[in-house]
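A.B. asks: got a structure for you, letters missing:
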């Protein structure tokens, strides 16, 4: 039922995008895809707590989140953040229902690290698009990985991109309790997930010399938040 619903609503949003020559993308994101994601979560027995629209940054930023469940895609799109583009791995092309919805909201598809030349070209092109369009981006610092109940190692590319584009970083924590997290499966147990904003990180003083230290500091913040939430759920 969830896949059928995602395919149907994604198709509607994509058709509207095509016939409007892209003008309806924001409308489709907010009024079609976001409500659809919320409904799919409820159909899966998942309750959710999401930030109020008023707390999101009112300017261009890079949102980054901890990624440990297939639920994450639904939680993030359910947030309905305006003027924001998501990054997805090209490995998700195999999920047709997801790809249709992703095309409707203008997702950036990032090549795998196994193809460094094409990946470097991608970042060069997307940085140009970000600076020209003014839209925010939503990325996973952990990238593609085997899901764990924890925080996987961070990728460097998205932070280098944020620095090059002069974008500040908004940390977003997705709290998916261990008892309901199916990790790499789809059989979620009933429960409540929560998405909330953590620190807002300025990249004003960033340079290549300190980039790795800045990334390590942000990952450490996620690790502390994970430890806190894990203790609360225990």
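C.D. replies: Noted; the coordinates are in hand. Fair warning: this is a prediction, and the values are worked out from it, not measured in the lab.
A.B. asks: Check which helices and strands the longest strand seen in the chain sits against.
C.D. replies: If each strand of the chain is counted by residues according to DSSP state E, the longest one is strand 191-201. When contacts are defined as 3 or more CB pairs under 8 Å, 6 or more residues apart in numbering; DSSP states H and E, strand 191-201 sits against strand 46-49, helix 71-79, strand 168-175, helix 211-233. For every residue, glycine as well, the C-beta is placed using N, CA and C.
A.B. asks: List the contacts of the helix or strand just after the first one.
C.D. replies: Next along the chain after strand 46-49, taking DSSP states H and E as the criterion, comes strand 61-65. Taking contacts as CB atoms under 8 Å, 6 or more residues apart in numbering, the residues outside strand 61-65 that touch it are 72, 76, 81, 84, 136-141, 158, 161-162, 165, 167-174, 195, 200, 218.
A.B. asks: next one: stretch 37-44
C.D. replies: 1-2, 5-6, 47-48, 71, 74-75, 77-78, 188, 193.
A.B. asks: now these in a markdown table, with pLDDT?
C.D. replies: Formatted as a markdown table, the contacts of stretch 37-44 follow (pLDDT from 0 to 100):
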| residue | pLDDT |
| --- | --- |
| 1 | 79 |
| 2 | 80 |
| 5 | 91 |
| 6 | 91 |
| 47 | 93 |
| 48 | 93 |
| 71 | 83 |
| 74 | 90 |
| 75 | 92 |
| 77 | 93 |
| 78 | 94 |
| 188 | 70 |
| 193 | 92 |
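A.B. asks: Just the endpoints, please. Distance across stretch 176-192?
C.D. replies: With CA to CA, to the nearest Å as the measure, the first residue of stretch 176-192 is 7 Å from its last.
A.B. asks: picking up where we left off before, pull out the buried residues from the longest strand of the chain.
C.D. replies: 191, 193-195, 198, 201 (16 or more other CB atoms under 10 Å).
A.B. asks: That strand pairs with which strands, and in what direction?
C.D. replies: Using DSSP bridges, strand 191-201 pairs in its sheet with strand 46-49 (parallel), strand 168-175 (antiparallel).
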